[in-house]
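[1] can you look at this prediction? I've put the sequence above it.
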Amino acid sequence: MTTPEYNEWWVRRINDNIHKPSHENSQSIEEYLRVVPSELEIIKQDFERRNAELEKKIEQMEEEKMNLRLDVDVQKLEVKRLRKGKTKAKEDLDSLKTEYKKLGLSMRTAGLGKTLK
């Protein structure tokens with residue numbers, strides 16, 4: 001037979017040995033499990049990081065592509081300008097040749113082309 005004091009002491013002793021969760025620093029099971037990322041979560045984070053890096057590279061490449069297109073357009077305009085200049089120079093040369101032939105014919109007709117011996 002036990003006394004009421006002994007029973008009270010026994011209940012307190014057992015309850016004192018059991019750690020009660022502190023509500024101040026407590027985490028739910030979901031929060032606790034989120035702290036330790038799973039392998040899938042690590043892979044997902046790695047994928048998202050690589051995806052972001054690739055998106056930046058794509059943006060840079062698209063910008064470079066646009067700049068290269070502009071460079072090509074400038075080069076095409078330069079080629080077009082040079083071709084026009086070449087065509088104009090060729091026309092001028094042909095015109096000069098024609099004028100030279102006419103002048104030579106006029107000089108022969110006038111007798112200025114003969115030299116005295």
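    Perfect, I can see it now. What you see is a predicted model, and the numbers here were worked out from it, not measured in a lab. Numbers count the residues shown, from 1 in each chain.

[2] give me the most central residue, the chain.
    Gln60 (1.6 Å; CA atoms, centre = their mean).

[3] pLDDT weak spots in the protein?
    1, 14-27, 32-36, 113-117 (pLDDT under 70).

[4] now do the helices in it.
    Here the chain has its helices, by DSSP state H, at 4-17, 29-35, 39-110.

[5] and the first one, how far from the chain's centre?
    Okay, so that is helix 4-17. 72 Å (CA atoms, centre = their mean, to the nearest Å).

[6] ok, and what's touching it?
    Outside helix 4-17, the residues that touch it by CB atoms under 8 Å, 6 or more residues apart in numbering are Thr2. Yep, even glycine has a C-beta here, placed from its N, CA and C like the rest.

[7] now swap in stretch 101-116 and tell me
    Applying CB under 8 Å, 6+ apart, stretch 101-116 has no contact partners.

[8] just the buried positions in it, please.
    Neighbour counts over stretch 101-116 (16 or more other CB atoms under 10 Å) mark no residue as buried.

[9] work out the gap between that stretch and the centre of the chain.
    Worked out by CA atoms, centre = their mean, stretch 101-116 lies 71 Å from the chain centre.

[10] got the CA positions of that stretch in PDB?
    Output in PDB follows, covering the C-alpha atoms of stretch 101-116 (Å, rounded to 0.1, in the frame of the first residue of the first chain):
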ATOM      1  CA  LYS A 101      38.400  56.500-130.000                       C
ATOM      2  CA  LYS A 102      36.400  59.500-131.300                       C
ATOM      3  CA  LEU A 103      39.300  61.800-130.600                       C
ATOM      4  CA  GLY A 104      41.700  59.500-132.300                       C
ATOM      5  CA  LEU A 105      39.400  59.300-135.300                       C
ATOM      6  CA  SER A 106      39.000  63.100-135.300                       C
ATOM      7  CA  MET A 107      42.800  63.600-135.200                       C
ATOM      8  CA  ARG A 108      43.300  61.200-138.100                       C
ATOM      9  CA  THR A 109      40.600  62.900-140.100                       C
ATOM     10  CA  ALA A 110      42.300  66.300-139.500                       C
ATOM     11  CA  GLY A 111      45.700  64.800-140.200                       C
ATOM     12  CA  LEU A 112      47.100  65.600-136.800                       C
ATOM     13  CA  GLY A 113      47.900  62.100-136.000                       C
ATOM     14  CA  LYS A 114      50.800  61.800-138.600                       C
ATOM     15  CA  THR A 115      54.200  62.700-137.600                       C
ATOM     16  CA  LEU A 116      56.800  64.300-139.800                       C
END
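
[11] nothing else from me, thank you.
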